[in-house]
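Quick one: sequence plus predicted model below, questions after.
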Amino acid sequence: MPSIPSAATAPSAPATATTKQPPAADRVYRHVKQGVLDRRYEGGTLLTEGELAEAVGVSRTPVREALLRLETEGLLKLYPKKGALVLPVSAQEIADVVETRLLVEEFTVLRAVPAPPALLDRLAVLLAEQRRCAESGDLAAMMVADRCFHAEIVRHAGNQILSRLYDQLRDRQLRMGVALLHAHPDRVARSLAEHAEILDALRAGDRDAAAAAVRGHIGRVEALVRGAER
């Protein structure tokens, strides 16, 4: 007579739970947000509920919920019975992000000196990751590593309020950065060189050089995004 599987050997419920998909609205939210950040959905694109529902494989109800959430984050503008317009990056948004980055990053890089070995090692890993992404042509992944490079320095300052403020800029930085690299391919190598300059100044324990490197890096980003350089 075959034995009955024990509780230890029988299939368990938690194994099924681990494969459970996220809620439908979350899946739509992630799909659309990633599309906006990596420029599959560029500024000016009109997204319809039906197209998104089909793309993600859900009904229209979670699509509406996800689009409302993205509208509150400033990425979309909803138009009843028409769809959602992907908002282009405005000149004012660029100015606000750059100004905030300068204030936060110059202050925190000064606080990072003298930099502990753990921070220097982490920055070196992130710089190497940026180089690998650049070589493979994955600009979206490069910008994620780029953003993490700067965020590590900000976090090291130990000011939780500044860290949270900086984290709120994440999506805007990624979106602007990917657009910048696509528009100015030569910027890829220059960005890597500028990050190396920041890391070298931190390794040398030179506060003034580190601050100057951060100012120069962000200033050149601003000029390019505004179209002042070609």
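Good, I have the coordinates. These numbers were taken from a predicted model, which means no experiment stands behind them.

Please tell me the pLDDT value assigned to residue 11.
At residue 11, the model reports a pLDDT of 41.

now the spatially most central residue of the chain: how far from residue 204?
When CA atoms, centre = their mean is applied to the chain, the residue found nearest the centroid is residue 174 (4.1 Å). Noted for residue 174: a distance of 30 Å to residue 204, by CB to CB, to the nearest Å. Backbone N, C-alpha and C define where each C-beta goes, glycine included.

about what we covered before: residues contacting the residue nearest to the centre of the chain?
Contact analysis of residue 174 by CB atoms under 8 Å, 6 or more residues apart in numbering lists 37, 140, 143, 144, 147.

Which of those fall in strands?
Among those, no member is found in strands (DSSP state E).

Now tabulate those in TSV and tack on neighbour count and pLDDT.
Putting the contacts of residue 174 into TSV (neighbours: other CB atoms under 10 Å; pLDDT from 0 to 100) gives the following:
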residue	neighbour count	pLDDT
37	23	81
140	17	85
143	24	89
144	22	90
147	19	93
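
what stretches of this protein score poorly on pLDDT?
Residue ranges of the chain with pLDDT under 70: 1-19, 225-230.

and residue 84, helix, strand or coil?
strand (DSSP: H, G, I helix; E, B strand; the rest coil).

so what's it bridging to?
Taking DSSP bridges as the rule, residue 84 bridges to residue 47, residue 78.

who's in contact with it?
Per CB under 8 Å, 6+ apart, neighbours of residue 84: 46, 47, 48, 67, 70, 71, 76, 77, 78.
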